[in-house]
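K.L.:
Dropping the sequence and predicted coords here.
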Amino acid sequence: MARPTPSQTVGPFFARELLWSDGGNVLFPGRGERITLTGRVLDGAGAPVVDALFETWQMDGAGKLPAAGEAARPYGYGRVSTGANGGYAIVTVMPGPFTGPGGETYAPQLSVTIFARGLLKAVRTRVFLAPLDAIKDDPLARAIGNPDRLRTLVAARDPNDPTIYRWDVRLQGAGEAVFIDV
Amino acid sequence: MSRALEADVHPPYAHPGYKSTHLRAPKQPLVRVAPSPLEAAVPPFPKKFVTEAEADLTTWGTSAPLGEKMVLVGRVLDEDGRPVRRSLIEVWQANASGRYPHPVDDHDAPLDPNFLGKGQVLTDDEGRYRVVTVKPGAYPWKNHAFAWRPAHIHLSLFGNSYAQRLITQMFFPGDPLLAIDPIFNSVPDEAGRRTLIADLDLEHGVEGVALGYRFDIVLRGPRATPMGA
């Protein structure tokens, strides 16, 4: 048994090194319902986290794993940094629901990993693009149980523009997002 | 299949000596769930995503960068010792003076017009990788009085599944700054910290040109018992 290499922080200096040109525009070979996931990353004092690396990975519109292609970046993968107000935006297609190896149904969601100065290891989670009452059978929703905690992972559809889903991530304190160990 | 516990391997989120953790470390326990089909899969990087030239950070400019030229070699394995094949590693680092070409790096040390400090490489079928660069310099930071980061190279790995995604830092043997670095010392135990220090590996250097260092990386394996609902 080899010992896993420990994580270390991404630090504050990664923007020129890790970001991809137009990395917030998630590529897919086919079409789909275009949506935007946007929001802010906030710390325990409610201050914006201005230097987070925010990555998303998702199924396509039919709930299938994206295959390798010849595009500039991997299909289904988003990568951006938060800005001066802690904000991020991922423009992508609405992922379909999908089924796990044991037959369990996963609600429409993106897997999210956030790295930042002050995070010695990444925080991982999943954001749901469906209302609370539509995700009750999702494996993570079941594992969380408490609806107040679960609500931290549900993106809110903008009443004025249904293509926009808003999701703020609080790293610490009141409204702290649920983070997962997979 | 087996897997070390997160808490035994990685730093805790909250590490009092590292100031930036104070308001950013989550306080609630992590929820353990089985990897979803997404998290068990690897993001499909296109074949041409990495070019061979990107593994040499010393050829980016019009002439050679300043500093001590070095070759970094290593293998990426999983916890069961299997090679992590054809997998992306991104590396980035300060230049030989300890400066990043980044707008918010205000360290009063010179930029090197011939060094960007950015590269990437794919592991081969045995999990091996090789990167050519210069040894980064140490640099001051504002965490505490007289704080200096030991020389380090950042590595970002995608592994063979999204759940293996890892960002870490590699340090140099014998560096006296390791003893006072809260980021390095956030790793809970001596054996773990040791795995973040490269070994001098002269034979993998280039005779008369570049020093060789070896840094092997182990990514977590799949969990033994899914802990779903």
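P.N.:
Looks like it came in fine. Numbering: from 1, shown residues only, chains lettered A, B, ... in the order given.
K.L.:
Relative to A:Met59, how far out is B:Ser161?
P.N.:
15 Å (Cβ to Cβ, to the nearest Å). No exception for glycine: its C-beta is placed from N, CA and C like everyone else's.
K.L.:
And these two? Which one has more around it.
P.N.:
More crowded of B:Ser161 and A:Met59, by other Cβ atoms under 10 Å in any protein chain shown: A:Met59, with 26 against 22.
K.L.:
Helices of the chain, start to end?
P.N.:
No chain specified, so I'll use chain A. Taking DSSP state H to define them, one finds helices in chain A at A:15-18, A:139-144, A:147-150.
K.L.:
wrong one, I was asking about chain B
P.N.:
Taking DSSP H as the test, the helices found in chain B are B:6-9, B:190-194.
K.L.:
tell me which strands and helices the last one is in contact with?
P.N.:
To tie it back to what came earlier, the one meant is helix B:190-194. If contacts are counted by 3 or more Cβ pairs under 8 Å, 6 or more residues apart in numbering or on different chains; DSSP states H and E, helix B:190-194 sits against no helix or strand.
K.L.:
picking up where we left off before, lowest mean pLDDT across the helices of chain A, which one is that?
P.N.:
With a mean of 93, helix A:15-18 has the lowest mean pLDDT of these.
K.L.:
so what's the residue positioned nearest the centre of chain B bridging to?
P.N.:
A centroid search over chain B (Cα atoms, centre = their mean) returns B:Leu155, at 2.7 Å, as the residue closest to the centre. With DSSP bridges as the criterion, B:Leu155 is bridged to B:Val91, B:Thr168.
K.L.:
Could you tell me how far it is located from B:Ile89?
P.N.:
Look at B:Leu155 and B:Ile89: by Cβ to Cβ, they are 6 Å apart.
K.L.:
Contact partners for the spatially most central residue of chain A?
P.N.:
Geometric centre of chain A, nearest residue: A:Val112, 3.0 Å, by Cα atoms, centre = their mean. By Cβ atoms under 8 Å, 6 or more residues apart in numbering or on different chains, the residues touching A:Val112 are A:54-56, A:124-127, A:169.
K.L.:
Now a ChimeraX select for only the buried ones of the residues you listed.
P.N.:
A single ChimeraX command selects the buried members of those (16 or more other Cβ atoms under 10 Å in any protein chain shown):
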select /A:54,55,56,124,125,126,127,169
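K.L.:
if we look at chain B, which of the contacts of A:Val112 are close to it?
P.N.:
Counting by Cβ under 8 Å from any Cβ of the partner chain, A:55, A:126 from the contacts of A:Val112 sit close to chain B.
K.L.:
Let's see the pLDDT reported for residue 20.
P.N.:
Defaulting to chain A. Listed pLDDT for A:Trp20 reads 97.
K.L.:
that's the other chain; I wanted chain B
P.N.:
With respect to pLDDT, B:Ser20 has a value of 98.
K.L.:
Give the burial count for the residue nearest to it when sequence neighbours are not counted, as a bare number.
P.N.:
Using Cβ to Cβ, 6 or more residues apart in numbering or on different chains and skipping residues adjacent in sequence, the residue nearest B:Ser20 is A:Gly118, 3.1 Å away. Residues contacting A:Gly118 under the criterion other Cβ under 10 Å number 24.
K.L.:
Would you agree B:Pro150 is in contact with B:Gly174?
P.N.:
No - B:Pro150 is not in contact with B:Gly174 according to Cβ atoms under 8 Å; the separation is 10.3 Å.
K.L.:
Tell me which of the two has more neighbours.
P.N.:
Between B:Pro150 and B:Gly174, counted using other Cβ under 10 Å, the more crowded position is B:Pro150 (20 against 8).
K.L.:
Please give me every residue in contact with that one.
P.N.:
Counting by Cβ under 8 Å, 6+ apart, B:Pro150 makes contact with B:138, B:171-172, B:175, B:177-178, B:181, B:184.
K.L.:
Can you say which of these are buried?
P.N.:
Using 16+ other Cβ under 10 Å as the burial test, the contacts of B:Pro150 include B:138, B:171-172, B:177-178, B:181, B:184 as buried.
K.L.:
Go through those residues and say which is closest to B:Leu200.
P.N.:
For these, the minimum distance to B:Leu200 (Cβ to Cβ) is 8.8 Å, reached by B:Phe172.
K.L.:
in chain A, what residue is nearest chain B?
P.N.:
Here the residue of chain A nearest chain B is A:Gly118; by Cβ to the nearest Cβ that distance is 3.1 Å.
K.L.:
who's in contact with B:Trp60?
P.N.:
B:Trp60 is in contact with B:114-116, B:118, counting by Cβ under 8 Å, 6+ apart.
K.L.:
hang on, I meant B:Gly81
P.N.:
By Cβ under 8 Å, 6+ apart, the contact set of B:Gly81 is A:Ala2.
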